[in-house]
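Enquirer: Based on what follows, work out the 3D shape:
(2 chains)
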Amino acid sequence: MQARYLPYVLIAPVSVFLGLFFLYPFYLVAQTAFYDGAGWSLKNFQEVTSYWKFPSSFKNTLWLAAVVVPIQLALALLMATMVNAMKKGRDLVLYIWTIPLGISDLAAGIIWLAIFEQSGFLNSIMHGLGFIDRPTALISYQNPTLIFVAIALAEIWRATAIMLVILVAGIGLIPKEYYEAAQVFGAGRWKQFVRITLPLLRPSLSTALVLRVILAFEVFAVVQALGGTLFPVLMSETYAYQFELLNGSAAAAVALIILGISIASTIAILRVLRVPKGATI
Amino acid sequence: MAEIKIKNVAKNFASYQALNDINLTVSDQEFMVLLGASGCGKTTLLRIIAGLETATQGEVWINDRRVDHLPPKDRGIAMVFQNYAVFPHLTVFENIAFGLRMHNHPSAEITKRVHRTAELMHIERLLKRYSGELSGGQRQRVAVARALAMEPDVILMDEPLSNLDALLRLEMRAELKGVLAESKTTAIYVTHDQVEAMSLADRISVMNQGRIVQASDPVDIYRNPAEKFVAGFIGNPPMNFLVADKRPDGRWTVGGQPYDGPSCAENTLDFAIRPEDVVLAETGIKAKVNVVEPLGAHLLVTCDVNGAQFRATLDSDANIGRGDTIALQPQLDRIRWFNPSNGMRQSLEKNDV
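Expert: Predicted structure coming up:
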């Protein structure tokens, strides 16, 4: 066989797999979303967006991503910098920090529910220390802020490590001599971080952010466990349309809306963190 | 004005002693080269002066100010790194401006200085490029320009030419010397290349196994090596050594010939002479020719004298072939003597060891 065909032969299996199990279902979903029983239309989209719960679920999803992702990014950067500065025990610390990655998102939600619910750890501790007279229902419709905080905390706890892993690898690729040059030419630790680490980390930052933002738009199980119907998000709406209202077309339309904002934010992230030609390490 | 004083500096890495009681003064505007084989500690010493490495003991003074506890940025230094360390994410302009921006110079001043140093290093046309679009030689120029733009008291250079090809190295060497003389900066330059050291330095510090063996001007180092190590390290080919035995009359027998030498208690000394300081003669040290290498200007002849290797650079008209036995006469005032027990040079004066 000629060598120039070899690459195509080698990627053929995965192409077929993706075509069959990704592109084709995607085509079916798109077809369902844009078909109203008589012909092509945007009727399904009009239906889901005019539903009274849509604005709040849309807003909740974006808010959650807007709050959680920056905090995760900052934490992951801090943790990656710390891990990278360690001489001994680096791997051990990294393994421990990435443990939450091994826990399913539903389980993570339940763990945090065990902390916040009326008979949960938080209430017990506060009661035990005498801060409150008796356990109160923290997660209720009277406390929307606390629901948001609980979900955000659970998400931060659960999914920061995926960014951490990517950033640790990225920071490890930055040659030490750039930091030495920066030091000699007058940069203190903070300026080294801002002027050297961050710009040279752009490829890893965009990978981590794209991955994390897309996952944030798809948040579901943690929200279900902690907020239930009190905190609607786009993914829970999709689920409700498909399995409770048995409206597959509407579910497909919401799914495509999620896909749309994922693609839009991915393009935005890649644009902002683009590295000019010739400016790579 | 920048004088650098290094006092009793030592550096240990775990149990390994990289530097051992270093004392060195570099005067204002002097071009000092630290020369030595790899692992001799020269780069460690430079990094201690820069503040990138902490000395285990000792003091570093720049301009009558003790700096060994200060971070690099407060030492008034600039540095050129072996791998250039030109920031890949910044344009050439921003690379040169980096240090000035860190020190909060006004932007008009920055633009002026960047253009001036870029012009000096002949890289004005590259200011908008990124490091990935530059050749090794151009990156080198950017690294030097970045250091010069700081107008530092002291400029430190760590083998800055070692990654360039031979021709470019020659070109940059001459250019560096000119530019640095112009800038009136005190310079410390690390290299393992003795030709580079000779051609650039006002003074060379030859280093070996973590200590400075000799610090002097290039010609003195070449002519009057303080130790046998320096004699064997400097010069290409290096000095020849032959065993000298003391005669009853106080003179010394070298290769069967009597020579005047030092008066000392030792019964044997090392007689040393540079290859270019011998001539073909009727009588002299008997040498059997093993290899003849015509180098154009002269012949490099490798011979055997009583089992010791001896090299001579002779006139290229000399008609010599492999297997010939020739007589070589050393130029008497160029003979040097070393004490074989400690490797130190044996002075000709009495009782002066």
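
Enquirer: Write out the residues of chain A neighbouring chain B.
Expert: By the rule C-beta under 8 Å from any C-beta of the partner chain, the part of chain A lying against chain B is A:175, A:177-178, A:180-188, A:191, A:195-196, A:199-200, A:202, A:275-281. Quick note: C-beta positions are derived from backbone N, CA and C, even for glycine.

Enquirer: again, 10 Å this time
Expert: A:174-189, A:191-192, A:195-196, A:198-202, A:275-281 (C-beta under 10 Å from any C-beta of the partner chain).

Enquirer: Buried by neighbour count, from the residues you listed: which ones?
Expert: The neighbour-count criterion (16 or more other C-beta atoms under 10 Å in any protein chain shown) marks A:174, A:177-187, A:191-192, A:195-196, A:199-202, A:275, A:279, A:281 among the residues of chain A next to chain B as buried.

Enquirer: Secondary structure element holding residue A:92?
Expert: Here residue A:92 sits within helix A:90-97, counting by DSSP states H and E.

Enquirer: those helices in the stretch 151-281 of chain A, which residues are they?
Expert: Secondary structure of the stretch 151-281 of chain A (DSSP state H, counting those that start in this stretch): helices at A:176-184, A:189-192, A:198-200, A:202-217, A:221-226, A:234-239, A:248-272.

Enquirer: Out of these, the one nearest residue B:344 is which?
Expert: Each of the helices of the stretch 151-281 of chain A has some distance to residue B:344 by C-beta to C-beta; the shortest is helix A:176-184, at 37.8 Å.

Enquirer: From chain A, how far off is residue B:205?
Expert: Taking C-beta to the nearest C-beta, to the nearest Å as the measure, residue B:205 and chain A are separated by 21 Å.

Enquirer: Looking at the helices of the stretch 151-281 of chain A, spot the one closest to residue B:154.
Expert: Closest approach to residue B:154 among the helices of the stretch 151-281 of chain A (C-beta to C-beta): helix A:176-184, 10.9 Å.

Enquirer: Would you mind listing the buried residues in the helix holding residue A:92?
Expert: Buried residues in helix A:90-97 (16+ other C-beta under 10 Å): A:94, A:97.

Enquirer: ok, residues contacting that helix?
Expert: With contacts defined as C-beta atoms under 10 Å, 6 or more residues apart in numbering or on different chains, helix A:90-97 is touched by A:76, A:79-80, A:82-84, A:86, A:89, A:160-161, A:164-165, A:168.

Enquirer: what is the rounded mean pLDDT of that helix?
Expert: Mean pLDDT, helix A:90-97: 90.

Enquirer: Then stretch A:116-129?
Expert: Taken as a whole, stretch A:116-129 has a mean pLDDT of 85.

Enquirer: Please apply the same query to stretch B:217-224.
Expert: Stretch B:217-224 shows a mean pLDDT of 95 in the predicted model.

Enquirer: what about that stretch, distance to the chain center?
Expert: Its chain's average C-alpha position is 11 Å from that of stretch B:217-224, according to C-alpha atoms, centre = their mean, to the nearest Å.

Enquirer: What average pLDDT does the longest helix that chain A contains get?
Expert: In chain A, taking DSSP state H as the definition, the longest helix is helix A:54-85. In this model, helix A:54-85 has a mean pLDDT of 94.

Enquirer: Check stretch B:105-115 too.
Expert: Averaged across stretch B:105-115, pLDDT comes to 96.

Enquirer: How about exporting that stretch as PDB, limited to the C-alpha atoms?
Expert: Only the C-alpha atoms of stretch B:105-115 are listed here, as PDB (Å, rounded to 0.1, in the frame of the first residue of the first chain):
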ATOM      1  CA  HIS B 105       9.800  53.800  32.000                       C
ATOM      2  CA  PRO B 106       7.600  56.300  30.100                       C
ATOM      3  CA  SER B 107       6.500  54.900  26.800                       C
ATOM      4  CA  ALA B 108       8.200  57.600  24.700                       C
ATOM      5  CA  GLU B 109      11.500  56.700  26.300                       C
ATOM      6  CA  ILE B 110      10.800  53.000  25.700                       C
ATOM      7  CA  THR B 111      10.200  53.500  22.000                       C
ATOM      8  CA  LYS B 112      13.300  55.600  21.700                       C
ATOM      9  CA  ARG B 113      15.500  53.100  23.500                       C
ATOM     10  CA  VAL B 114      14.100  50.100  21.600                       C
ATOM     11  CA  HIS B 115      14.700  51.800  18.300                       C
END
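
Enquirer: roughly how far is that stretch from the heart of the chain?
Expert: A distance of 35 Å separates the centroid of the chain from that of stretch B:105-115, by C-alpha atoms, centre = their mean.

Enquirer: contacts for it?
Expert: Contacts for stretch B:105-115 (C-beta under 10 Å, 6+ apart): B:92-101, B:103-104, B:124, B:127, B:145-146, B:148-151.

Enquirer: How about stretch A:112-126?
Expert: Residues outside stretch A:112-126 that contact it (C-beta under 10 Å, 6+ apart) are A:110-111, A:131-132, A:134-140, A:143, A:146-147, A:149-151, A:153-155, A:157-158, A:222, A:225-228.

Enquirer: circling back to that earlier point, helices or strands next to the longest helix of chain A in the packing?
Expert: Contacts defined by 3 or more C-beta pairs under 10 Å, 6 or more residues apart in numbering or on different chains; DSSP states H and E place helix A:54-85 against helix A:43-50, helix A:90-97, helix A:144-172, helix A:202-217, helix A:221-226, helix A:234-239, helix A:248-272.

Enquirer: so after the second one, what's the next helix or strand?
Expert: Read it as helix A:90-97. By DSSP H and E, the next helix or strand past helix A:90-97 is helix A:105-116.

Enquirer: how much does that following helix deviate in direction from helix A:202-217?
Expert: Relative orientation of helix A:105-116 versus helix A:202-217 (axes from the mean of the first three to the mean of the last three C-alpha atoms, to 10 degrees): 70 degrees.

Enquirer: residues of helix A:105-116 that come out buried?
Expert: A:105, A:108-113, A:115-116.

Enquirer: backbone phi and psi for residue B:257, please?
Expert: Here is the backbone geometry of residue B:257 (degrees, to the nearest 10): phi -110, psi 140.

Enquirer: what are the bridge partners for it, then?
Expert: Applying DSSP bridges to residue B:257 gives these bridge partners: residue B:254.

Enquirer: show me the contacts for residue A:71.
Expert: For residue A:71, the contact set (C-beta under 10 Å, 6+ apart) comprises A:152-153, A:155-156, A:160.

Enquirer: mind listing the helices for chain B?
Expert: Under DSSP H, chain B gives helices at B:42-50, B:92-102, B:107-120, B:136-149, B:166-183, B:194-200, B:218-223, B:228-233.

Enquirer: So is the fifth one next to chain A?
Expert: To tie it back to what came earlier, the one meant is helix B:166-183. No - Helix B:166-183 lies out of reach of chain A by C-beta under 10 Å from any C-beta, never closer than 16.6 Å.

Enquirer: quick check: domain ranges of chain B?
Expert: What automatic domain parsing lists as the domains of chain B is B:4-229, B:238-338.

Enquirer: I'd say residue B:263 and residue B:249 touch.
Expert: No - in this structure, residue B:263 is not within contact of residue B:249 by C-beta atoms under 10 Å, at 11.2 Å.

Enquirer: State the distance from the residue in chain B sticking out farthest from the centre to residue B:259.
Expert: Farthest-out residue of chain B from its mean C-alpha position, per C-alpha atoms, centre = their mean: residue B:248, at 40.8 Å. Counting by C-beta to C-beta, to the nearest Å, the separation of residue B:248 from residue B:259 is 15 Å.

Enquirer: How about residue B:232?
Expert: With C-beta to C-beta as the criterion, residue B:232 and residue B:259 are 20 Å apart.

Enquirer: In terms of secondary structure, what does the top strand by length along chain B contact?
Expert: Within chain B, and with DSSP state E defining each element, the longest strand by residue count is strand B:278-294. Strand B:278-294 is packed against strand B:240-246, strand B:257-259, strand B:298-305, strand B:308-315, strand B:325-330, with contacts defined by 3+ C-beta pairs under 10 Å, 6+ apart.
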